[in-house]
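**Q** Would you be able to build a 3D model of this:
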Amino acid sequence: MTATHPDLPDEQAFIDHAYACLEQSRTDAWKLRDLSEPGLGGTFQARYERDVFDEALVNRLTQLDLGDAALVFGRIDRYAESPDQIESFHIGRLAVADQQREPVVIDWRAPVAEPFYRATGRETMGLARRRHFAVQGRELLGIEDELFGDGHIGIGDDDGLATASSGLRGYSTLLAALERGRTGQLGDIVATIQSEQDEIIRSPQPGVLVVQGGPGTGKTVVALHRAAYLLYTYRFPLEDQGVLVIGPNRVFLRYIERVLPSLGEAGVEQVVLADLVPGVTYGARDSWRAAQVKGDMRMVKVVAKAAADRERPLRDDLQLPFRFGYVRASADATADIVRGARRRFRRHNAARRWVENELLAVLASSWREPGVTATHVRDAVRSLPDYRTALERMWPVLTPAELLNDLYGSKALLRLAGEKHLSEDEYLALYRPRVSNIDDARFSDNDVAILDEAFEVLGPPPRKAGKIDEADEIRTYGHIVVDEVQDLTPLQLRMVARRSLNGSMTVVGDIAQATGALAPESWNDVLAHLPDRKEPRVVGLSVGYRIPGSIMELADRVMEAAAPGLRAPRSVRGGGAPPSLVRAGSGTGELARCVVAETARLRKQLPTGNVAVVCPDAMVESLSSQFGLAGVTHGRAATSALDSGLTVVPVSLVKGLELDGVVVVEPADIVDDESMGLRALYVALTRATQRLIVVYARDLPACMS
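**A** Numbering: from 1, shown residues only. Modelled structure (predicted):
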């Protein structure tokens, strides 16, 4: 790439023109919005149409606001009707037209832009030249050209044309982007998408697409760009159906939150699993055994049995005072009511009103007096405490939280629900004291899928005179993206699949980085719990873009020990500074002081870089305190994500993140503390894009020596 390319002034002028057209589009959109003036006047239809129009304009204005992102990042020249005729298209973040509605910039997702990402020397797709821009905001810094002709890519010469002998599209532009400092927020790769990534991004929508990618292969941004591509290509009906992105934790969501807005798609929901089960307080922690049990598919039957155990006929006949006597319902009659409700209704709460009506009908039928109707009996007994107690015993209205609070808090209920499906030690691992006030109940992340399963069995509580409100039902989506899917348990995968409207999903992960309670051994273990309306596709990303080769050499040795036989990605960034392995003294506090010293050294090497200290979860507090005593300003991932230049990150939250520099603390403790310790260590060692330091007091794991 060169900044002295002869076409640099002309291309800069074109970029300036594109920005002027973009600004004019923004001005026109604001004028239209001012004219619409949504308000209270007019008919309902008129107000509705104004609101819809206003919403569309707001969305358009959001798309046109690029912030610091570059509008134009490349150009393709392709042969037209004859080899002597060349037509050019500038490729950018979104489509821009001039006052005559002539296209100025082509949206990167448009079919005509596909050769920008896919053309090769053997498959030129009609291109004569592909041009890459190195852009900072509105300023064009350099140009890199790839020439196509006679089935091969041309070799660069003195006028600034670049060769693509590396096999990667826009190699110099790509390396410049990779070596740019991190900001604590994941950026888009729209200007540097490579061919294997673009093939995934533009793959057909139907069915489940699994993207296997090692550290640094870009699987997360590929999945997000695919979501943006699908929204562009299938705007109707996807925009109404919705697109859902599920991340592993909130630190990760903060890290990726700007990618889709930078691509003009601000309406996509980005959540963790707990967000899909609202109205519940989380924060409880599980033992490893409990986490395994809670993720097992056998819990589906346990939850169903737990709900069924709350559907009980009365042990004794019910006798309630009425006028000068009593109305009665026999225990056998209540058993008939319970059996009837189970036959008629699939979900527990939906049957409550029917059970109540049947019980009242039985009570009313036991009183025979002229002029006394069933309504008289109903009105008289409904408020009686004994009646309410009997009804609650037979068929209580339950929320998922109430069901689990009662289940977990009773060894007898756990045995009743679980003894046919779980071993004794498994169902007793779920036990915890019951809280008397459900608002005080705390649930763990592993409970989310069980709460969701309970909702599926129970259904929403009746509202509006006994009817179920459709707004309370689980929402489905036209496309779902799941990151770090290898860490989801079978029950969590079932929860995700429940939200798929049509089976269209993009799930990405790396089997070698699986550290969850029920880590899969292959993608078949994952696909077994996802929609199968269409044949699933498994594709791989083979090239690692983020991690220098010297760091990957160390990480690969750990991966070989953690997951023998799995292939590591090939790094495009050969060499780089080798990892530093620093042994701390054995005295009290020596490890923490050594970490502070090495972190200071790393920050001097990377004065503008984003640095993280990755440590065992149990060390976060002590290391943070040591940095505080040393007067070092820093953040903690659990509270501030990566917003600080220096962040202490527990190893449990580091997956999916990337930093310029990383200090990994006490690998032996990481291996000992985590159930999949070597895999967790592999994750920690593969977060750095430039420098890696390992600080340890205990002997390193054998694979690192």
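**Q** alpha carbons only for contacts and neighbour counts from here, please
**A** OK.
**Q** And for the spatially closest residue to residue 579 that is not a sequence neighbour, the neighbour number?
**A** The shortest distance from residue 579 to any non-neighbouring residue, by Cα to Cα, 6 or more residues apart in numbering, is to residue 692 (4.9 Å). Counted by other Cα atoms under 10 Å, the residues lying close to residue 692 total 25.
**Q** ditto for residue 318
**A** The number of residues packed near residue 318 is 18, by other Cα under 10 Å.
**Q** Pretty sure it sits against residue 333.
**A** No. Assessed by Cα atoms under 8 Å, residue 318 is found out of contact with residue 333, at 10.0 Å.
**Q** count of residues packed around residue 375?
**A** Burial of residue 375 is recorded as 11 neighbouring residues (other Cα under 10 Å).
**Q** I'd like the distance between it and residue 186.
**A** Going from residue 375 to residue 186 by Cα to Cα, to the nearest Å gives 65 Å.
**Q** same thing with residue 620?
**A** From residue 620 across to residue 186, the span is 23 Å (Cα to Cα).
**Q** and residue 208, what is it in contact with?
**A** For residue 208, the contact set (Cα atoms under 8 Å, 6 or more residues apart in numbering) comprises 503-507, 530-532, 534-537.
**Q** no, scratch that, I was asking about residue 415
**A** Going by Cα under 8 Å, 6+ apart, residue 415 touches 424, 427-428.
**Q** Give me the buried entries from those.
**A** Neighbour counting with 16 or more other Cα atoms under 10 Å marks 427-428 as buried within the contacts of residue 415.
**Q** Give me the subset of the contacts of residue 415 lying in helices.
**A** Among the contacts of residue 415, the ones falling in helices (DSSP state H) are 424, 427-428.
**Q** Looking at these, spot the one nearest residue 72.
**A** When the ones in helices among the contacts of residue 415 are compared for distance to residue 72 (Cα to Cα), residue 427 comes out closest, at 58.6 Å.
**Q** wait, the closest one sits on residue 414?
**A** Yes. Contact criterion Cα under 8 Å: residue 427 and residue 414 qualify, at 6.1 Å.
**Q** Spatially, what comes nearest to residue 518 if we skip its sequence neighbours?
**A** Distance criterion Cα to Cα, 6+ apart; nearest residue to residue 518, sequence neighbours excluded, is residue 489 at 5.7 Å.
**Q** same question, residue 418
**A** Closest to residue 418 by Cα to Cα, 6+ apart is residue 302, at 5.4 Å.
**Q** can you count the residues close to that neighbour?
**A** The tally of other residues near residue 302 (other Cα under 10 Å) stands at 23.
**Q** Check residue 84 too.
**A** Residues lying near residue 84 (other Cα under 10 Å) number 7.
**Q** quick one: it is in a strand?
**A** No. Applying DSSP: H, G, I helix; E, B strand; the rest coil, one finds residue 84 to be coil, outside a strand.
**Q** in the stretch 451-600 of the chain, which segments are predicted with low confidence?
**A** Applying pLDDT under 70 to the stretch 451-600 of the chain flags the ranges 464-471, 575.
**Q** ranges for the strands of it?
**A** With DSSP state E, counting those that start in this stretch as the criterion, the stretch 451-600 of the chain has strands at 479-482, 505-509, 537-541, 543-544, 570-571, 580-583.
**Q** what about these, which gets the closest to residue 244?
**A** When those are compared for distance to residue 244 using Cα to Cα, the nearest one is strand 479-482, at 4.8 Å.
**Q** List of residues touching the closest one?
**A** Residues from elsewhere that reach strand 479-482, judged by Cα under 8 Å, 6+ apart: 223-224, 227, 238, 242-247, 500-508.
**Q** and residue 346, how many neighbours?
**A** By other Cα under 10 Å, 14 other residues sit near residue 346.
**Q** I'd like to know how far residue 515 sits from residue 210.
**A** Distance of residue 515 to residue 210, given as Cα to Cα: 18 Å.
**Q** what do you get for residue 66?
**A** Distance, residue 66 to residue 210, using Cα to Cα: 31 Å.
**Q** Thank you, goodbye.
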